[in-house]
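S.K.: make a model of this:
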Amino acid sequence: MSQNQLYYGDNLQILREEIRSESIDLVYLDPPFNSKASYSLLFKTPKGHKPQARITAFEDTWHWGEQAEREFGELVRQPDTGVSEMMQSLRRFLGENDVMAYLTMMANRLLELHRVLKPTGSLYLHCDSTASHYLKIVLDSVFGKLRFLNEITWKRTTAHNDPKRYGRIADRIFFYGKTPRKVFHPIGGEYSPEQLARYKHKEGDRYYRAENLTAPHFSETRTVDWRGAHPGATRQWRFGADELESLYEKGRILLKKDGTPRKDGLKEYLDEAEGPALQDIWTDIVMGPTADERLGYPTQKPLALLERIIHASSNEGDTVLDPFCGCGTAIHASEKLKRQWIGIDITHLAISLVEKRLNDAFPAIAFEVHGAPKDIESARDLFQRDKYEFQWWADTLVNAQPYKGKKNGADGGIGGLIYFQDDKTLAKKIVVSVKGGDNVHAEMIRDLGHVVDREKASLGLFVTLAEPTRPMKEEAVKCGYYESPSGANFPKIQILTIEGLLNGVEQPRYPDLMRGGLTFKKAETELWEEQNELFR
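M.R.: Numbers count the residues shown, from 1 in each chain. Modelled structure (predicted):
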């Protein structure tokens, strides 16, 4: 059984039911910030095709209502009285509003994340300035104020145009340890130009600086003559006699013209310096809007940022948990750095994107997906609970981009799109129609044929939860065939059942020289032995 797990569903329920106490070494979470914005997933559209409407990946908006009231009641009744009192104080101060709903949601989950962390574990919470001050209060109440380690300021972009205030270009990352026994590996930063300027001496191809050989205070053993020099009546040599002699023999001591050691004569070479320890302001990792690693997911974070965090606060073989995994950057970084991992997200859109990203980056990877339908009954259950999530999930069965979101009005008979290329001309298009109800009929096949013609598509896929009728199959045959430049013919309208796709006995038929590369952006394949330059 794979130790790597991907869960679809509410992270609070999954944490409570699936994750054991003290089983996690590192938690990274990048939850919605309560910015009252809707974040859209931008899919790649090949040249020659009009950009399609954005798909709403998640709505970063919270409201006080029945669920917030229920979760607040759980907070008040849970055993940690400090958290209970703090949340009641915040409610008295803030009232029943959107911010309080957000903090209630976060507090319940932070309690569970604290429970699943090992005593040597750490938590990094990524947020912006919208509610960071309140989140810090909640974190202090859950972990204890003595367990707070850093508020890291990450400069996420170079500039932000906001004429009514200073540009907001930084996020906050709160760093907490569960106990003083937390795992932590210091990371070396880069020298500033001013620091580098101190290495002004050159010896062959090596630069060095001259540092003081003496230190304040008198010492009976070190305030002595050495090779004709004396540190001074109120100073001492920085090293004992044996180490001074060793440095002298290695040529690491600068000498005066008379051959005696210089008090400022300790040679420190730039190529041997580890650099200053990384501080709590990070300005060296920025992911531009056109960066190659961008997959189109809103709020995607740079891989190097997560590699830094995981490297600093875990060891190889440790388990990393991301309960808001989005497009899976923390999961990707964990796999690359040879950690075990658990990812959770509440949308199939995110889970399917993470699956594709991992399989593209690590072709031999093994992991389990929980919560996504695996049989016809669970597929029907998803359709009954959320028809949009069902449609987006069904799109993934044929590797299609979802078409439009929940608020974009009628879809025009299109549930998803696939782009393919079977010659040297522009990419071609396949229209996908998804039906989850029991009542399917031949008229739907005729309608799909009209949509294919209207959209100037090459083929159409009719994906159905119900078994197709004989008239439907006959109508599909009447629509004819698509003739590929290779000479092969493919049914212009293809009927595919959810059950057949799940069982692997059915699949779309069309030629594609790009192997799906035009429909989704492909994550770069990782080399297992690659080491990130930030850690060298």
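
S.K.: point out where the stretch 301-450 of the chain drops to low pLDDT.
M.R.: For the stretch 301-450 of the chain, the stretches with pLDDT under 70 are 404-412.

S.K.: for stretch 203-215, buried residues please.
M.R.: Neighbour counts over stretch 203-215 (16 or more other C-beta atoms under 10 Å) mark 207-210, 213-214 as buried. Yep, even glycine has a C-beta here, placed from its N, CA and C like the rest.

S.K.: how is this protein carved up into domains?
M.R.: 5-60+117-188+278-370, 193-272, 376-503 (automatic domain parsing).

S.K.: count of residues packed around the nearest residue to Glu524 once chain neighbours are set aside?
M.R.: Leaving out its chain neighbours, the residue that sits closest to Glu524 by C-beta to C-beta, 6 or more residues apart in numbering is Ala361, at 6.6 Å. Using other C-beta atoms under 10 Å, the number of residues around Ala361 comes to 19.

S.K.: shouldn't Ala361 be in contact with Lys521?
M.R.: No: counting by C-beta atoms under 8 Å, Ala361 stays clear of Lys521, with 11.9 Å between them.

S.K.: picking up where we left off before, let me have the domains of the chain in CSV, adding distance to Met514 as columns.
M.R.: Formatted as CSV, the domains of the chain follow (distance: least, C-beta to C-beta, whole Å):
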stretch, distance to Met514
domain 5-60+117-188+278-370, 9
domain 193-272, 45
domain 376-503, 5
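
S.K.: out of the ones you listed, flag the one nearest Gly82.
M.R.: Smallest distance to Gly82 across the domains of the chain (C-beta to C-beta): 5.4 Å, for domain 5-60+117-188+278-370.

S.K.: so how far is the helix ranked longest in the chain from its chain's centroid?
M.R.: Secondary structure assigned by DSSP state H gives helix 98-116 as the longest helix of the chain. Distance, stretch centre to chain centre, for helix 98-116: 20 Å (C-alpha atoms, centre = their mean, to the nearest Å).

S.K.: for Ile493, give its distance to Val477.
M.R.: Counting by C-beta to C-beta, to the nearest Å, the separation of Ile493 from Val477 is 8 Å.

S.K.: show me which of these two is the more surrounded one.
M.R.: Using other C-beta under 10 Å as the criterion, Ile493 and Val477 rank with Ile493 on top: 25 against 12.

S.K.: next, that one: phi, psi?
M.R.: Main-chain dihedrals, Ile493, degrees, to the nearest 10: phi -120, psi 120.

S.K.: pLDDT score for Leu513?
M.R.: Note on Leu513: pLDDT of 82.

S.K.: ok, it - contacts?
M.R.: Leu513 makes contacts with 421-423, as judged by C-beta atoms under 8 Å, 6 or more residues apart in numbering.

S.K.: what helix or strand does Asn150 sit in?
M.R.: strand 148-155 (DSSP states H and E).

S.K.: for that strand, packing partners?
M.R.: Counting contacts by 3 or more C-beta pairs under 8 Å, 6 or more residues apart in numbering; DSSP states H and E, strand 148-155 is packed against helix 132-143, strand 170-177, strand 281-282.

S.K.: got the angle between the longest helix of the chain and strand 170-177?
M.R.: Put simply, helix 98-116 runs at 40 degrees to strand 170-177, going by axes from the mean of the first three to the mean of the last three C-alpha atoms, to 10 degrees.

S.K.: give me the residues contacting the following helix or strand past helix 98-116.
M.R.: The helix or strand immediately downstream of helix 98-116 is strand 117-127, counting by DSSP H and E. Among residues not part of strand 117-127, those counted as contacts by C-beta under 8 Å, 6+ apart are 22-31, 33, 110, 113-114, 135, 139, 143, 149, 154, 171-179, 181-184, 301, 309, 313.

S.K.: of these, just the buried ones, ChimeraX syntax please.
M.R.: Per 16+ other C-beta under 10 Å, the buried members of the contacts of strand 117-127 correspond to this ChimeraX selection:
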select :24,25,26,27,28,29,30,31,33,110,113,114,135,139,143,149,154,171,172,173,174,175,176,177,178,182,183,301,309,313
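
S.K.: now secondary structure and distance to Gln507 too, for the contacts of Leu513, in a markdown table please.
M.R.: Shown next, in a markdown table, are the contacts of Leu513 (DSSP: H, G, I helix; E, B strand; the rest coil; distance: C-beta to C-beta, whole Å):
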| residue | secondary structure | distance to Gln507 |
| --- | --- | --- |
| Gln421 | coil | 18 |
| Asp422 | coil | 17 |
| Asp423 | coil | 22 |
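
S.K.: just the buried subset of these, please.
M.R.: 421-422.

S.K.: by how many degrees do the helix or strand hosting Leu12 and helix 98-116 diverge?
M.R.: Using DSSP H and E, Leu12 falls within helix 11-18. In terms of direction (the same axes, to 10 degrees), helix 11-18 departs from helix 98-116 by 20 degrees.

S.K.: got the buried residues for helix 11-18?
M.R.: Buried, per 16+ other C-beta under 10 Å, within helix 11-18: 11-12, 14-15, 18.

S.K.: and for Ile418, the neighbour number?
M.R.: Neighbours of Ile418 (other C-beta under 10 Å): 26.
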